[in-house]
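# got a predicted model here, sequence first, then my questions.
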Amino acid sequence: MFCSSIKPPSYLLAGKLTLVTTVLIFTLFHCSVVKAQDETDEKDVLSKSERLQKVAQKLTATQYQLKYKFKPGEVIYWQTEQVDSGEVSLRKKKEVTRSRTLSTKKWRVAEVDGQGHFTVVQTIVDMDLWQQINDAPAISYNSRIDSKPHLKFENVADTVGIELVNFKFDSRGHLLFKKANYSDVDLGVGGIIVEFPAEAISLNAKWYQPNVLKVALPNGKIKQIKIRRVFQLQSVEHDIASIGIKTQLLTPIHDPEVEVQIMHQVTEGTLRFDIKLGRVVSREFHWNRKVQGFSTADSLKRYVGRFKETLKTSAQVKLAFEATVRDSLNIRSINAEPIFRR
């Protein structure tokens with residue numbers, strides 16, 4: 001009774017409370033550290049598991065080797081179609097240009113060596129050109145039936161039927177040699193040959209092709225714009241690989257006078273490649289770009305276009321040529337009803 005009635009000094013009580021509080025805080029801190037450590041360990045385990053899963057998927061995923069395959073003496077045709085619409089507004093004047101270009105491109109495989117390197121000669125077999133500016137009468141030229149081209153088409157018409165370019169590539173499409181007999185215009189779509197990776201790739205794999213564009217500045221200097229074309233294997237169905245293509249600007253551009261000069265070369269499209277046959281089946285690109293203030297504050301240039309190239313057989317090319325000739329020989333009166341083709 002005597003002992004129980006004696007109260008401990010206040011400083012001892014405070015010390016006990018401090019000790020209890022310290023132990024409690026330490027316990028809670030320890031538990032939180034253990035919990036955090038457990039969560040970290042769990043994340044590490046998941047991260048390692050995910051990494052192992054990705055490695056396993058990569059090892060077990062179907063790999064595709066993209067290579068070109070040609071035979072000596074082989075002749076290949078592609079039909080090209082390009083449709084453009086351009087608008088330029090400058091100093092309160094507006095000009096709208098519409099054009100369409102159809103052509104047949106021929107490749108003659110001159111040589112294929114033991115390593116799969118192939119040499120080809122490119123020729124334009126025919127072309128059908130059409131252009132209209134504002135509401136003026138349209139001009140046209142069809143090399144199959146017209147003996148003389150319009151003055152505006154003379155230079156391009158001279159390229160029909162002659163050997164324009166000699167190429168030599170390795171089997172993955174790396175250019176080894178090129179000799180051109182004319183100056184080609186770069187529209188940002190590249191050539192019919194795309195350079196593939198040396199190793200086999202799986203779906204969604206990407207590869208890159210760097211390039212440099214040169215533009216003229218108002219002060220007379222030349223500015224180099226770094227770009228790259230990004231290729232991605234999007235799908236493979238029935239041995240046909242679908243490859244997405246997109247142009248990326250690596251050099252920042254803040255000057256409309258520079259942007260307007262490269263707007264035609266920034267493209268996006270799709271290429272279809274026959275893995276078994278070893279050649280491009282088709283490729284398609286499109287443009288829809290607008291630049292404001294490239295000359296004066298109110299100046300505007302807009303360009304909308306589509307480019308498509310499709311593999312054709314010699315029989316299809318011959319049939320198209322005969323159909324055009326047959327139409328040209330059908331002399332009709334001025335009052336005759338129009339012909340609607342299906």
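Perfect, thanks for sending it. Residues are numbered from 1 along each chain as shown.
# which parts of the lengthiest strand in the chain are buried?
Determined from DSSP state E, the single longest strand within the chain is strand 93-112. Neighbour counts over strand 93-112 (16 or more other C-beta atoms under 10 Å) mark 98-107, 109-110, 112 as buried. (Each C-beta comes from the backbone N, C-alpha and C, glycine too.)
# ditto for stretch 225-238
So stretch 225-238, judged by 16+ other C-beta under 10 Å, has buried residues 225, 227, 229, 231, 233, 236.
# mind listing the strands in the stretch 151-300 of the chain by residue range?
163-169, 175-180, 206-216, 222-237, 240-249, 268-274, 279-292, 300-312 (DSSP state E, counting those that start in this stretch).
# out of the ones you listed, which comes closest to residue 128?
strand 300-312 (14.3 Å; C-beta to C-beta).
# then the closest one to PDB, C-alphas only?
Extracted C-alpha coordinates of strand 300-312, given in PDB (Å, rounded to 0.1, in the frame of the first residue of the first chain):
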ATOM      1  CA  LEU A 300       0.200  30.900 -98.000                       C
ATOM      2  CA  LYS A 301       1.200  27.700 -99.700                       C
ATOM      3  CA  ARG A 302      -0.600  24.500 -99.500                       C
ATOM      4  CA  TYR A 303       0.200  21.200-101.100                       C
ATOM      5  CA  VAL A 304      -2.000  18.100-101.200                       C
ATOM      6  CA  GLY A 305      -0.900  15.000-103.100                       C
ATOM      7  CA  ARG A 306      -0.900  11.300-103.500                       C
ATOM      8  CA  PHE A 307       1.700   9.000-105.100                       C
ATOM      9  CA  LYS A 308       1.100   5.300-105.800                       C
ATOM     10  CA  GLU A 309       3.300   2.700-107.600                       C
ATOM     11  CA  THR A 310       2.100  -0.800-108.300                       C
ATOM     12  CA  LEU A 311       3.800  -3.900-109.800                       C
ATOM     13  CA  LYS A 312       2.400  -4.900-113.200                       C
END
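# that strand: partners in the sheet, and parallel or antiparallel?
Taking DSSP bridges as the criterion, strand 300-312 sits next to strand 75-90 (antiparallel), strand 279-292 (antiparallel) in its sheet.
# mind putting the ones you listed into CSV with mean neighbour count, mean pLDDT and distance to residue 168?
As requested, those are exported to CSV (neighbours: other C-beta atoms under 10 Å; pLDDT from 0 to 100; distance: least, C-beta to C-beta, whole Å):
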stretch, mean neighbour count, mean pLDDT, distance to residue 168
strand 75-90, 17, 95, 16
strand 279-292, 18, 95, 16
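# could those go into a markdown table alongside distance to residue 320?
Shown next, in a markdown table, are those (distance: least, C-beta to C-beta, whole Å):
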| stretch | distance to residue 320 |
| --- | --- |
| strand 75-90 | 8 |
| strand 279-292 | 17 |
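# for residue 147, find the nearest of those strands.
Among these, strand 75-90 comes nearest to residue 147, with 23.1 Å by C-beta to C-beta.
# what angle sits between the closest one and strand 93-112?
Going by axes from the mean of the first three to the mean of the last three C-alpha atoms, to 10 degrees, strand 75-90 is angled at 160 degrees with respect to strand 93-112.
# chain center to strand 75-90: distance?
Centroid separation for strand 75-90 versus its chain: 16 Å, with C-alpha atoms, centre = their mean, to the nearest Å.
# nearest residue to residue 97 in space, please, no chain neighbours.
Closest residue in space to residue 97, ignoring its immediate chain neighbours: residue 86 at 4.7 Å, by C-beta to C-beta, 6 or more residues apart in numbering.
# how about residue 320, phi and psi?
Dihedral pair for residue 320: phi -60, psi -40, per degrees, to the nearest 10.
# show the pLDDT at it.
pLDDT recorded at residue 320 is 81.
# look up how far residue 314 lies from it.
Distance, residue 320 to residue 314, using C-beta to C-beta, to the nearest Å: 11 Å.
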